[in-house]
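Visitor: Just need the structure, nothing else, for what follows:
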Amino acid sequence: MKCRLEFAEAHRHWTKEDWQQVIFSDESKINRFWSDGRKWCWKNPHEPLNARIVDGTMKYGGGSIMIWGCITAKGPGYLTKIDSKLNAELYCQILNDEMMQTCQYYNLNTKDIIFQQDNDPKHTSRKAKEWFVDNDINVLPWPAQSPDLNPVENIWALLKRRLNQYETLPSGMLELWDRTSKVWNEILPRECLDVIESMPARVQAVIKAKGGYIKY
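Guide: Residues are numbered from 1 along each chain as shown. The predicted model follows:
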């Protein structure tokens, strides 16, 4: 809470335009059989529980994919599927490929951007730090345990809600990735900009909560 409050105090005067210079990033897991979290359904007041409103459990054949993505004020960045265990070397490869391709696609000068990542050991490894120095990219100091501050989490939630709108389950991991990349690429620039422009309000909410968690 102390670190969160210090972060908020240090950035309390950042404007929406300041936050638009930040590229927000993270990894996320996409389940084959619907996303994690609460699900809702409509039922009549006296309708008993039945197969229509209760999801059965899956003993096999489920699975998930891990993805890395980022968002900019101009729209979603390049998305990648992580096929092996993510380590510092693979993370630097992602930065060198998908992150740099995102900058090129949106014509962003790497000297002008600020890159956000959480404090996962792979992100803060010596190899990753050297990569940012070598590429002259500023990294935003980030307080631990703060997904509620990261607007990319709202885009992950949006992605998963839209994946849940498919009427049929994906036949396998390849179809799951095809759907995920398709839905990701359909996210509108305005949707990314809206969540990024919420950063001043998030910062003020953290200050009001004295470093506590916020409802974002």
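
Visitor: alpha carbons only for contacts and neighbour counts from here, please
Guide: OK.

Visitor: ok, how many other residues are close to the closest residue to residue 53 other than its chain neighbours?
Guide: Setting aside the residues directly before and after it, residue 53 is nearest to residue 41 in space (Cα to Cα, 6 or more residues apart in numbering), at 6.5 Å. Each residue near residue 41 was counted by other Cα atoms under 10 Å, and the total is 7.

Visitor: so what's residue 198 up against?
Guide: For residue 198, the contact set (Cα atoms under 8 Å, 6 or more residues apart in numbering) comprises 16, 151.

Visitor: now with 10 Å?
Guide: 16, 19, 149-151, 216 (Cα atoms under 10 Å, 6 or more residues apart in numbering).

Visitor: do residue 202 as well
Guide: With Cα under 10 Å, 6+ apart, residue 202 has these contacts: 8, 12, 148-151, 196, 208, 213-216.

Visitor: Show the buried residues in those residues.
Guide: Buried residues within those, defined by neighbour count using 16 or more other Cα atoms under 10 Å: 8, 12, 149-151, 196, 213-214.

Visitor: which one among these gets closest to residue 177?
Guide: residue 151 (22.4 Å; Cα to Cα).

Visitor: How about residue 109, nearest residue that isn't a chain neighbour?
Guide: Using Cα to Cα, 6+ apart, the closest residue to residue 109 is residue 103 (6.9 Å).

Visitor: Which residue ranges of the chain form strands?
Guide: Taking DSSP state E as the test, the strands found in the chain are 22-31, 64-72, 75-76, 80-82, 114-116, 138-139.

Visitor: for stretch 135-148, how far is the first residue from the last?
Guide: 29 Å (Cα to Cα, to the nearest Å).

Visitor: Work out the gap between it and the centre of the chain.
Guide: Averaging C-alpha positions (Cα atoms, centre = their mean, to the nearest Å) puts stretch 135-148 13 Å from its chain's average.
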